[in-house]
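Engineer: Fold the stuff below for me.
(one chain, ligands or ions: 1)
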Amino acid sequence: MRTESARKRVLLLGGTTEATTLAAALAKDERIELIVSLAGRTSSPLVRGGQLRTGGFGGAEGLAAYLDAEAIDVLVDATHPFAARMPFNAAAACGRVGVPLLKLCRPAWTPAEGDRWMSVADLQEAAATLVARGARRVLLTTGRQELEPFRGLHGITFFVRSIEPPDLRRFEAATAVLARGPFDVQAERALLSEHAIDTLVTKNSGGSATAAKLAAAREQGIEVVMVHRPAAPAVPTVDNVADARRWISAQLIRTGTSAE
Ligand code: NAP
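Structural biologist: Numbering: from 1, shown residues only. Below is the predicted model:
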């Protein structure tokens, strides 16, 4: 049951720097009651502002029921470009209950002169590429939940960077590099040199917080195995926080909240 309220209820699906920035801005907007949703994968999330809820909704159906029960007026999906399921669930749920949906997704990285990128479709292909290229010392920056395809690879020493300790069982040789971005070029340069890295594996997450590794790899002639983004649903999409705020404001005006 929906009830009319002066403030519009915005649900923000988070888990990214952009979501955190947008949440901080929306939390100050008096026209909005903000709820930020996180999957609950990180034990110390950085979100400030709005009411926080954690954990899955139970698929598209569960999300549709939540949107209805919580009388959500606008949904903003600011999940990570590699979050493969949530964007489709959001599109299906919003279609079902008639809630306007915006996807906020930062632009992908593109190669610059001097880059030695090998584009692959997924992590399995990334692992196969390491073997095919004869990689020996690899900086793996794909996240601690995405290690399966790399376990058991023979003759490769992995340096696994993640925010929280990774499970390195069944790796022949692996060391955890615990760190949380943003990273700068100087530190990335030092990391690549210190461990004599010959190949970097990364998802094409885009954004500035973790782009320094690409500049450092370019400088040192290090090969980069670049994993493509998964497919995304065809929904209204912006690639920056300012445009997201404009879209939300336009929706608030459309749905009857007074303009700024
Ligand atoms: P995913 O494959 O799209 O989502 C898997 C399931 O996790 C979803 O079906 C949903 O469960 C739940 N979920 C995802 N995002 C949620 C959110 N913001 N609030 C509540 N439930 C959420 O996504 P993922 O790759 O597992 O990523 C999980 C979270 O980590 C996302 O919020 C994403 O922004 C963040 N993240 C992902 C990556 C990455 O590389 N994949 C990197 C950095 C941050 P139900 O179906 O039960 O609703």
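
Engineer: Stretch 69-82 near the ligand at all?
Structural biologist: Yes: applying C-beta under 6 Å from any ligand atom, one finds stretch 69-82 touching the ligand at Thr79, His80, Phe82. From N, CA and C alone the C-beta is placed, and that goes for glycine too.

Engineer: State the mean pLDDT of the helix ranked longest in the chain.
Structural biologist: Across the chain, the helix with the greatest residue count (assigned by DSSP state H) is helix 241-254. Mean per-residue pLDDT for helix 241-254: 94.

Engineer: for that helix, the distance to its chain's centre please.
Structural biologist: The gap between where helix 241-254 is centred and where its chain is centred comes out at 21 Å by C-alpha atoms, centre = their mean, to the nearest Å.

Engineer: quick one on the thing from earlier: compare the residues of stretch 69-82 next to the ligand and tell me which has the most neighbours.
Structural biologist: The most neighbours of any of the residues of stretch 69-82 next to the ligand, using other C-beta atoms under 10 Å, belong to Thr79, which has 26 neighbours.

Engineer: Does Val201 lie in a helix or a strand, and which?
Structural biologist: Secondary structure from DSSP states H and E places Val201 in strand 199-203.

Engineer: now the helix or strand that that strand is followed by against strand 199-203, angle please.
Structural biologist: Per DSSP H and E, the first helix or strand lying C-terminal to strand 199-203 is helix 212-219. Counting by axes from the mean of the first three to the mean of the last three C-alpha atoms, to 10 degrees, helix 212-219 points 150 degrees away from the direction of strand 199-203.

Engineer: Which other helices and strands does helix 212-219 contact?
Structural biologist: In this structure, helix 212-219 makes packing contacts with helix 185-194, strand 199-203, strand 223-227, judged by 3 or more C-beta pairs under 8 Å, 6 or more residues apart in numbering; DSSP states H and E.

Engineer: Just give me how far the first one sits from the chain centre.
Structural biologist: Read that as helix 185-194. On C-alpha atoms, centre = their mean, the centre of helix 185-194 falls 23 Å from the chain's centre.

Engineer: Now do the same for Glu4: its pLDDT.
Structural biologist: Value for Glu4, per-residue pLDDT: 52.

Engineer: related to what we said a few turns ago, what comes up buried for the longest helix of the chain?
Structural biologist: Val241, Ala244, Arg245, Trp247, Ile248, Ser249, Gln251, Leu252 (16 or more other C-beta atoms under 10 Å).

Engineer: Is it correct that the first one is in contact with Leu104?
Structural biologist: Yes: judged on C-beta atoms under 8 Å, Val241 makes contact with Leu104 at a distance of 7.1 Å.

Engineer: Show me the contact partners of stretch 181-188.
Structural biologist: Outside stretch 181-188, the residues within contact range by C-beta atoms under 8 Å, 6 or more residues apart in numbering are Ser208, Ala209, Thr210, Ala212, Lys213, Ala215, Ala216, Ala217.

Engineer: Would you list the phi and psi of the third one?
Structural biologist: Taking degrees, to the nearest 10, you get phi -120, psi 20 for the backbone angles of Thr210.

Engineer: For Ala65, find the nearest of the helices and strands packed on helix 212-219.
Structural biologist: Shortest distance between Ala65 and the helices and strands packed on helix 212-219, using C-beta to C-beta, is found for strand 199-203: 31.4 Å.

Engineer: Just the pLDDT at the closest residue to the ligand within the stretch 101-250 of the chain, thanks.
Structural biologist: The minimum distance from the stretch 101-250 of the chain to the ligand, using C-beta to the nearest ligand atom, falls at Gly143 (5.4 Å). pLDDT, Gly143: 91.

Engineer: residues near Arg136, how many?
Structural biologist: Neighbours of Arg136 using other C-beta under 10 Å come to 13.

Engineer: so what's it closest to, chain neighbours aside?
Structural biologist: Asp198 (5.6 Å; C-beta to C-beta, 6 or more residues apart in numbering).
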